[in-house]
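> Next one to model:
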Amino acid sequence: MVTVAEYLKKVDEVIKKGPFQDNWESLSAFQIPSWYRKGRFGLFIHWGVYALPATESEWYPRQMYLKGTKSWFHRIKTYGKNADYRQIVEQFNPTAFDADEWVELFEKSGAKYIMPVAEHHDGVKMYKSELNRWNMADLTPHRDFLAELHEACDRHGLGFFCSNHRAEHFFFLNGARANCPDSEVAKGLYPDLYGPAALPASGKPSDFENCEPSEDWCRDWLASACEMVDRLRPRAVYFDWWINKPQFKPYLKKFLAYYYNRGVEWNEEVAVFYKVGSVMKGCAIFDVERGQIEDVSPVLWQTDTSIAKNSWGYTEGNRFKTPYKILTNLIDVVSKNGCYMLNVGPKSDGTICEEEKDVLLSIGKWLADNGEAIYDALPYDVWYEGKKKKAGSFNENLKYGKKDYRFTYKTGAIYIFLMSETPHKTNAVNALRAASEGGIRYTIQNVEVLGHPGKISWTQDEKAFRFTLDDSLLNTHLPLCVKVSVD
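Next comes the predicted model:
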C-alpha cells in the first residue's frame, strides 16, 4: 500500500517538472482536444456495488441509512435490521461481465468514447488501487474491471474516459452516524471504506451542502484522483458537483496541473469536465447535468444525462426514455456546439438490460444514417427555429412541434433537423430563404433526406426554403435530417 503523503509528494514532483503549474494563469493554456469535437457523442456508465440492491437509485448506499426511504426498508427486509454497506460490497461479484461484449454494443450505438464511473460517492474503487483496499481488483479475485474495459476500448478504437465522485464521500454515509447507533460507521469500524461520514453542524444528514471538507479529506481526494489517472490513463476525467466547495480549490488546481502534465508525458490530448463553476473558465470543459445552455456557445461544452429517467445506476424500477426523446436532446445540444454524454446503468452481474440495449441500437441505427450531421459538425449561423429550452441543470424536456427545427453545418452542407416526432409533409424554413441577411446566398445544388434518397422535393424564394416529404417519411417517429448541399 501507498500512503496519501507519499502520493502527494509524487504529485508535487510532476507539477514542478511539467509545463502546467497549479494556478489559473498556467492552466488557461489548456486546449480542448480535437478528438472531442469530432466525437460529439459518448456513453457514461454508472456501474458499481449500488447495482446489487437495484433499488431506488445509485444513491442506495446513502438512502439505506435514511429513515423512511425505500432503500431503508429494502435494507432491513433484504439484508437485516443491522446490516451495513460493507456486507453488500463483499457480495458484489459480476461473473457475467465481459468487456468486449460491452464495447461491441457501445460501438454499435455510434458512441465515440465511453466514461465509466471509476469511483462513486460510496467510496468503492472499480479499479486497482494501492491507496485503499476497498477496490474491486482486490475484492474480486484477479479482476480489474476498468482495466479490462480500457483494453477492450483500445481494441475497438473507442476513447476511454473515467469519472471520479470521491469528493462527496466525505458526507455520503452520514445517515448511518445519525440514525444507526449500532452501525459500523457509528462504531468507527472500517473508516477506509465508510470515509468521514461527516454530519453538518445542524446534525441533519440532509444538510450536507453545509458540510465543510477537511484538509485531510482534500489531500485524500487529490491523491486518489491522481492515482486514478495514473492507473487508468483516461483521455478525459469528469468530476461531480461537490468539488465546487472552496476547500477543494487549491487541490483541484493541483489535480489539473498534474493530469495535464501527464497528458504531455503521454503525448495525449486530455480534458477535464466540471460543473457549477468549479473550474475557472477556459481551464477545462463545462458540463451541465441533465440540462442545457440557452444559446450557442463559442467553445465546446457538454451535457450528461441518462437513458433512465429516475436513476443513473440500474434499478428494477427504472423508467426509460425513448430513442426519439434522446435523439432530439442530442441534436439540440450539438446544434449549440455541445457534446452529449448518455448514461447506461448495467446490472450487478455485469450484463446490460434489454431496454437499454434496444435504445442504444436504435440510436446507432439512426446515427448510421444521420451521423454526418452530428460528428465533427458545427453550429450553423442560425441554430434553431421554433421553440428552445431555457438554460439550467435538470431541464431537458421540451415538447417539439411541427415547426421546430435545429441546424448544424459542415463546409458545403447545411443540415436541417425536423424535431417533431410526426413531421409536416410540407415545411418552410425561414433561415434558408434567398436573402443576403437572415437567409443564404449560396447556390443550392442538392437536397436530400439522409438515409432516405429520393424522398423530397423543394423550392426556395425570398420568404422561405420549402420542402415536401414523401408520405412514407411522416411516421418514422425519429428525427429526420434534411441535407442541403450548397456552393
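
> how distant is stretch 410-428 from the center of its chain?
27 Å (C-alpha atoms, centre = their mean, to the nearest Å).

> got the buried residues for that stretch?
413-421, 423, 427 (16 or more other C-beta atoms under 10 Å). Backbone N, C-alpha and C define where each C-beta goes, glycine included.

> repeat for stretch 107-117
107-117.

> just stretch 469-478 next, same as before
Buried positions in stretch 469-478, judged by neighbour count with 16+ other C-beta under 10 Å: 469, 473, 476, 478.

> Restricted to helices, list those residues.
Of the buried residues of stretch 469-478, none are assigned to helices by DSSP state H.

> of the residues you listed, the lowest pLDDT goes to which?
Within the buried residues of stretch 469-478, Thr476 has the lowest pLDDT, namely 87.

> how much space is there between that one and Leu450?
With distances taken as C-beta to C-beta, to the nearest Å, Thr476 is found 12 Å from Leu450.

> and Met64, what is it in contact with?
53, 71-72, 74-75, 85, 175 (C-beta atoms under 8 Å, 6 or more residues apart in numbering).

> How many neighbouring residues does the closest residue in space to Glu448 that isn't next to it in sequence have?
In space, and not counting its chain neighbours, Glu448 is closest to Lys483: 5.3 Å by C-beta to C-beta, 6 or more residues apart in numbering. Number of residues near Lys483 (other C-beta atoms under 10 Å) recorded here: 18.

> Lys483: what secondary structure?
strand (DSSP: H, G, I helix; E, B strand; the rest coil).

> Any idea what the spatially closest residue to Thr426 that is not a sequence neighbour is bridged to?
Nearest residue to Thr426, sequence neighbours excluded (C-beta to C-beta, 6+ apart): Thr468, at 5.2 Å. Beta-bridge pairing of Thr468 under DSSP bridges involves Thr426, Ser457.

> who touches stretch 3-15?
Against stretch 3-15 from outside (C-beta under 8 Å, 6+ apart): 21-22, 131, 219-220, 222-223, 226-227, 254, 257-258, 261-262.

> Give me the buried subset of those residues.
Those of these that meet the buried threshold are 21-22, 131, 219-220, 222-223, 226-227, 254, 257-258, 261-262, by 16+ other C-beta under 10 Å.

> the strands in the stretch 151-300 of the chain, which residues?
Counting by DSSP state E, counting those that start in this stretch, the segments of the stretch 151-300 of the chain that form strands are 159-160, 162-164, 236-239, 271-274, 285-289.

> Then the stretch 351-487 of the chain?
Using DSSP E, counting those that start in this stretch, strands in the stretch 351-487 of the chain cover 378-385, 405-410, 413-418, 426-429, 444-449, 456-460, 465-469, 480-486.

> Alpha carbons only: can I get the shortest one in PDB?
It refers to strand 426-429. Output in PDB follows, covering the C-alpha atoms of strand 426-429 (Å, rounded to 0.1, in the frame of the first residue of the first chain):
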ATOM      1  CA  THR A 426     -44.800  20.500 -46.200                       C
ATOM      2  CA  ASN A 427     -42.200  22.600 -44.400                       C
ATOM      3  CA  ALA A 428     -41.000  26.200 -44.700                       C
ATOM      4  CA  VAL A 429     -37.600  27.200 -43.100                       C
END
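
> for the residue nearest to Glu448, what are its contacts?
Residues in contact with Lys483 (C-beta under 8 Å, 6+ apart) are 372-373, 413-415, 446-450.

> what's across from it in the sheet?
Legend: beta-bridge partners of Lys483 under DSSP bridges are Tyr415, Glu448.

> give me the number of residues near the residue nearest to Trp312 when sequence neighbours are not counted?
Nearest residue to Trp312 in three dimensions, chain neighbours excluded: His46, at 4.1 Å (C-beta to C-beta, 6+ apart). Using other C-beta under 10 Å, His46 has 24 other residues around it.

> for the one 10 residues further on, same thing?
Using other C-beta under 10 Å, the number of residues around Glu56 comes to 22.

> My read is that Lys125 contacts Arg133, right?
No: the pair Lys125 / Arg133 is not scored as a contact, 9.5 Å apart, by C-beta atoms under 8 Å.

> Show me which of these two is the more surrounded one.
The neighbour comparison of Lys125 against Arg133 (other C-beta under 10 Å) goes to Lys125, with 27 against 13.

> okay, the closest residue to that one other than its chain neighbours: pLDDT?
The spatial neighbour of Lys125 that comes closest, neighbours along the chain excluded (C-beta to C-beta, 6+ apart), is Asn135 at 3.8 Å. pLDDT for Asn135: 97.

> Contacts only, for Asn135.
For Asn135, the contacting residues are 124-129, by C-beta under 8 Å, 6+ apart.

> now do 6 Å
125, 128-129 (C-beta atoms under 6 Å, 6 or more residues apart in numbering).

> still on that earlier bit, can the buried residues of stretch 107-117 go into a markdown table with extra columns for secondary structure, distance to Glu385 and pLDDT?
Formatted as a markdown table, the buried residues of stretch 107-117 follow (DSSP: H, G, I helix; E, B strand; the rest coil; distance: C-beta to C-beta, whole Å; pLDDT from 0 to 100):
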| residue | secondary structure | distance to Glu385 | pLDDT |
| --- | --- | --- | --- |
| Glu107 | helix | 34 | 98 |
| Lys108 | helix | 32 | 98 |
| Ser109 | coil | 29 | 98 |
| Gly110 | coil | 26 | 98 |
| Ala111 | coil | 29 | 98 |
| Lys112 | coil | 28 | 98 |
| Tyr113 | strand | 31 | 98 |
| Ile114 | strand | 34 | 98 |
| Met115 | strand | 33 | 98 |
| Pro116 | strand | 38 | 98 |
| Val117 | strand | 38 | 98 |
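
> so who does the spatially closest residue to Tyr314 that is not a sequence neighbour touch?
Once flanking residues are discounted, Tyr314 sits nearest to Gly345: 4.1 Å by C-beta to C-beta, 6+ apart. For Gly345, the contacting residues are 46, 313-314, by C-beta under 6 Å, 6+ apart.

> and with 8 Å instead?
So Gly345 contacts 45-47, 51, 58, 306-308, 311-315, 318, 356 (C-beta under 8 Å, 6+ apart).

> got the residue ranges for the helices in the stretch 301-450 of the chain?
For the stretch 301-450 of the chain, the helices defined by DSSP state H, counting those that start in this stretch occupy 323-335, 354-370.

> List just the one of those that sits closest to Glu385.
Closest to Glu385 of those is helix 323-335 (C-beta to C-beta; 10.8 Å).

> now what about that closest one, what contacts it?
40-41, 292, 296, 303, 305, 307, 339-340, 342, 359, 362-363, 366, 374, 377, 379-380, 383-384, 388-389, 396, 398, 400, 406-408, 417, 419, 421, 477-479.

> Now do it against strand 413-418, angle only.
Here the directions of helix 323-335 and strand 413-418 differ by 140 degrees (axes from the mean of the first three to the mean of the last three C-alpha atoms, to 10 degrees).

> Could you tell me how far helix 323-335 lies from the centre of the chain?
15 Å.

> and if you look at stretch 341-357?
For stretch 341-357, the distance to the chain centre is 14 Å (C-alpha atoms, centre = their mean).

> same check, this time on stretch 121-131
That offset, for stretch 121-131, works out to 19 Å (C-alpha atoms, centre = their mean).

> Could you list the buried residues of that stretch?
Buried, per 16+ other C-beta under 10 Å, within stretch 121-131: 121-129, 131.

> do stretch 382-397 as well
For stretch 382-397, using 16+ other C-beta under 10 Å, the buried residues are 382-385, 388-389, 396.

> ok, the residues you listed vs Ser163, which is closest?
Distance to Ser163, by C-beta to C-beta, is smallest for Glu396 among the buried residues of stretch 382-397, at 19.1 Å.
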